[in-house]
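K.L.:
One predicted model, sequence on top.
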Amino acid sequence: MKSKICVVGSSNIDQISYVEKIPGDGETVFGSSYQMGFGGKGANQAIMASLLGAETYMITCLGEDVYADMTIENYKKNNINIDYLQIVPGSSGVAPIWVDESGQNRIIVISGSNDHIDAEKAIQALSEIEDLKIIVGQFEIPLEVTERVFSFAKENNITTILNPAPAKIPSESLLSLTDWFIPNEVEFATISKMDAFIDENLINYGNSLSGNLIVTLGDKGAATIDKDSVIKIPAPSVKAVDTTGAGDAFVGAFAYGLASDLTPQDAIKLAIDRASNSVTKPGTQISYSKQ
Ligand code: RIB
């Protein structure tokens, strides 16, 4: 039986400008290139999991526009089950993105239809999907929807992965429904008010959770907690051209690994490998590959 995963989250159209130096206030600069592609943290995670071989469902909400049509085609092309897609009047989500010459990005998300996903419909859909192993959530749809979905997951013995991106403070109840909490180092600092590069902080915060903690650390790899020790898994050294979506590649690959019964550490290694590979190519989902 294939590992079955459902992502409940966002879909965006990414509009990426590549520029040597990000403009300052009142400044106009020439960029070197531009590309439009498929993004949204939820969508990216689903695509990565599907590429690796997971049977992947996407519960997301699109608008009534040409971006929705393109996004539906993209999900179909990537073997993602969108039987439970929601459509609302108005615009789909978009994300203007700037990437500088070091590959670092700045992202603005205009949520559009992502803000209107219906929790009741999502839960009805989840109850119709048999043998679901993992549900993945992020913070680009309303937090209450993710909380209700995770509550359903816990009632039905389904593992939950929460990627708190973009950073917002999660409620205690959402955290208590989360089996794997995966912030990056910036999100960890915002949420815990602590520096992710100090082991004691990771141990203290990790032990305050009912589930497990993994913090992704960019080119330093990732860290997880085993009781009172920090396990660090390094990333290979690569030349980064565009880091957009690397965290999502990590989460999607980790979900696939866990659903395929890899040990958590092996799932993290796979996730680092796929995320590191994605930064060597421009674009979001288009930079993902199976190997
Ligand atoms: O994590 C990268 C993603 O953040 C982009 O695809 C963009 O759409 C925003 O959701």
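P.N.:
Looks like it came in fine.

K.L.:
Could you pull up phi and psi at the residue of the chain found nearest the ligand?
P.N.:
Closest approach between the chain and the ligand, counting by C-beta to the nearest ligand atom: Gly39, at 2.4 Å. Heads up, the C-betas are built off the backbone N, CA and C, glycines and all. Main-chain dihedrals, Gly39, degrees, to the nearest 10: phi -150, psi -150.

K.L.:
Begin at 43, not 1, for the rest of this chat.
P.N.:
OK, 43 is where the count begins now, so the last one is Gly81.

K.L.:
Tell me how many other residues crowd it.
P.N.:
30 (other C-beta atoms under 10 Å).

K.L.:
What residues are bridge-paired with the closest residue to it other than its chain neighbours?
P.N.:
Counting by C-beta to C-beta, 6 or more residues apart in numbering, Asp56 is the residue found nearest to Gly81 once chain neighbours are left out, at 3.5 Å. Note on Asp56: beta-bridge partners by DSSP bridges are Gly79, Ala137.

K.L.:
so what's Asp56 up against?
P.N.:
Counting by C-beta atoms under 8 Å, 6 or more residues apart in numbering, Asp56 touches Met78, Gly79, Phe80, Gly81, Gly82, Val136, Ala137, Ile139, Thr286, Gly325, Thr326.

K.L.:
Next, give me the two most distant ones among the residues you listed.
P.N.:
Put simply, by C-beta to C-beta the two of the contacts of Asp56 set farthest apart are Val136 and Gly325, 15.5 Å from each other.

K.L.:
Next to the ligand in this structure, residues from the stretch 93-242 of the chain, please.
P.N.:
Neighbours of the ligand within the stretch 93-242 of the chain, by C-beta under 6 Å from any ligand atom: Ala137, Ile149, Val151, Glu182.

K.L.:
ok, the second one touching Val141?
P.N.:
No. Taking contact to mean C-beta atoms under 8 Å, the distance of 9.5 Å between Ile149 and Val141 leaves them out of contact.

K.L.:
re earlier: write a PyMOL command that selects only the buried members of the contacts of Asp56.
P.N.:
With 16 or more other C-beta atoms under 10 Å as the criterion, this PyMOL line picks the buried residues out of those:
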select buried, resi 79+80+81+82+136+137+139+286+325+326
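
K.L.:
Looking at stretch 98-116 now, give me its mean pLDDT.
P.N.:
Throughout stretch 98-116, pLDDT has a mean value of 98.

K.L.:
got the buried residues for that stretch?
P.N.:
For stretch 98-116, by 16+ other C-beta under 10 Å, it's 98-105, 107, 109-110, 113-114, 116.

K.L.:
Kindly report the same for stretch 151-163.
P.N.:
Val151, Ser153, Gly154, Ser155, Asn156, Asp157, His158, Ile159, Ala161.

K.L.:
Using PDB, write out every CA atom in it.
P.N.:
Provided in PDB are the C-alpha atoms of stretch 151-163 (Å, rounded to 0.1, in the frame of the first residue of the first chain):
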ATOM      1  CA  VAL A 151       1.700  36.500   0.200                       C
ATOM      2  CA  ILE A 152      -1.700  37.900  -0.900                       C
ATOM      3  CA  SER A 153      -3.900  35.100   0.500                       C
ATOM      4  CA  GLY A 154      -7.100  35.600  -1.700                       C
ATOM      5  CA  SER A 155      -9.100  32.400  -1.700                       C
ATOM      6  CA  ASN A 156      -6.700  30.700   0.800                       C
ATOM      7  CA  ASP A 157      -8.400  32.700   3.600                       C
ATOM      8  CA  HIS A 158     -11.800  31.200   2.700                       C
ATOM      9  CA  ILE A 159     -11.200  27.500   3.000                       C
ATOM     10  CA  ASP A 160     -14.100  25.900   4.700                       C
ATOM     11  CA  ALA A 161     -13.300  23.700   7.700                       C
ATOM     12  CA  GLU A 162     -16.500  21.700   7.600                       C
ATOM     13  CA  LYS A 163     -15.900  20.700   4.000                       C
END
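
K.L.:
Can you give the contact residues for that stretch?
P.N.:
Against stretch 151-163 from outside (C-beta under 8 Å, 6+ apart): 50-54, 82, 101-105, 110, 126, 128-130, 132-138, 182-184, 186-187, 190-191, 208.

K.L.:
What subset of those residues is buried?
P.N.:
By 16+ other C-beta under 10 Å, those give 50-54, 82, 101-105, 110, 126, 128, 130, 133-137, 182-183, 187, 190-191 as buried.

K.L.:
Filter those down to just the ones in strands.
P.N.:
Val50, Asn54, Ile101, Cys103, Leu104, Gln128, Gly135, Val136, Ala137 (DSSP state E).
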